[in-house]
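In: Got a predicted model here, sequence first, then my questions.
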Amino acid sequence: MKINRRKLNVWAYDISAAVILFIFILPALWIVFTAFRPANEINVTPPIWIPRQLTLDAFASLFGLNPDVAAGVPVKEYMRNSLTVAVIATIISVSFGTMAGYAFSRFHFKGHTMLFLLIMLSRSVPGIALGFPLFLLMRNYGLVDTRTGLAFVYIAINIPFTAWLMDGFFRQIPKELDEAAYIDGCNHWTAFWRIDLPLALPGMSAAAIFAFLAAWNEYQIASLITKTPASKTFPVGLYDFTTQFTVDWRGMTAMSVLMIIPAIVFVILTQRRLTEGLTFGALKG
């Protein structure tokens, strides 16, 4: 009876998890189905849940490959801008956030706690509240409507979270490892680079996932700073499919699918590094 109850509990948990996962994934499935369905199945009543025929016409129209439809949305420029901004913001924010987290976890200096709390407080301010001050700052330095200015904003937003995350991760690494490295002749930088940093790869992977997705999907600040296709990212570019009276849902969902693919690939690659870091850390420990 106990074994049967355990099996029933396991099945109940599995079924509940599957139902919850399906509820969360249903909007994404609808976006994918809409991107691949024919135009005559859009906005029909009753709705057609599963496309009766799959077509790539929406993607062909996006890239100007459909001779019957004029390509009015610069998708390639939006993709280049999003990748450039997200990659730059991720690399720099993770690099500086990791070093800041290491400094806060290993060294105690005057104002240590207050400085850390101020950095965390900056992360609690809503992004929309920063829109107008950031716009004025970017305008004074000539960074409005530039990928560089947008990347700087995302770096400033992501560094506090990365520093907080890596601070907690470095605190889990025994200080005895650093002390042993000092005895062997290493300085602080060498101990950080050869001992602590390899063990912190799982935390860096998690921080990289957060930073990349935060920069890749952000809309509020990007809509204020970017104005032309030279700097617009995917989330802002989605509104090019809206007009005064109509919305091109199929084109919008097709570009949404293009947005999803790089994010999924990046997460998969980073999770692989996350697993390698966990294994490496276990062997070193």
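Out: Perfect, thanks for sending it. Residues are numbered from 1 along each chain as shown.
In: ok now stretch 129-140, how far from the chain's centre?
Out: 23 Å (Cα atoms, centre = their mean, to the nearest Å).
In: what does it rub up against?
Out: By Cβ atoms under 8 Å, 6 or more residues apart in numbering, the residues outside stretch 129-140 that reach it are 144, 146, 149, 153, 220-221, 224-225. (Each C-beta comes from the backbone N, C-alpha and C, glycine too.)
In: If any of those are buried, put those into a ChimeraX selection.
Out: A single ChimeraX command selects the buried members of the contacts of stretch 129-140 (16 or more other Cβ atoms under 10 Å):
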select :144,146,149,153,221,224,225
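In: Where helices are concerned, which of the contacts of stretch 129-140 count?
Out: 149, 153, 220-221, 224-225 (DSSP state H).
In: rewinding a little: can you redo the contacts of stretch 129-140 as JSON lines with pLDDT?
Out: Formatted as JSON lines, the contacts of stretch 129-140 follow (pLDDT from 0 to 100):
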{"residue": "144", "pLDDT": "90"}
{"residue": "146", "pLDDT": "92"}
{"residue": "149", "pLDDT": "92"}
{"residue": "153", "pLDDT": "92"}
{"residue": "220", "pLDDT": "87"}
{"residue": "221", "pLDDT": "89"}
{"residue": "224", "pLDDT": "88"}
{"residue": "225", "pLDDT": "90"}
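In: Return the member of the contacts of stretch 129-140 nearest to residue 231.
Out: residue 146 (5.5 Å; Cβ to Cβ).
In: still on that earlier bit, so of the contacts of stretch 129-140, which two are at opposite extremes in space?
Out: Taking Cβ to Cβ, no two of these sit farther apart than 146 and 220, at 17.7 Å.
In: element containing the residue sitting nearest the centre point of the chain?
Out: Most central in the chain under Cα atoms, centre = their mean is residue 213, positioned 0.7 Å from the mean C-alpha point. Under the criterion of DSSP states H and E, residue 213 resides in helix 201-217.
In: which outside residues touch that helix?
Out: 82, 85-87, 89-90, 93-94, 97-98, 151, 154, 157-158, 161-162, 165-166, 168-170, 233-235, 259, 262-263, 266-267, 270-271, 273-274, 276-278, 280-281.
In: Show me how to select, in ChimeraX, the buried members of those residues.
Out: Per 16+ other Cβ under 10 Å, the buried members of the contacts of helix 201-217 correspond to this ChimeraX selection:
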select :82,85,86,87,89,90,93,94,97,98,151,154,157,158,161,162,165,166,169,170,233,234,235,259,262,263,266,267,270,274,277,281
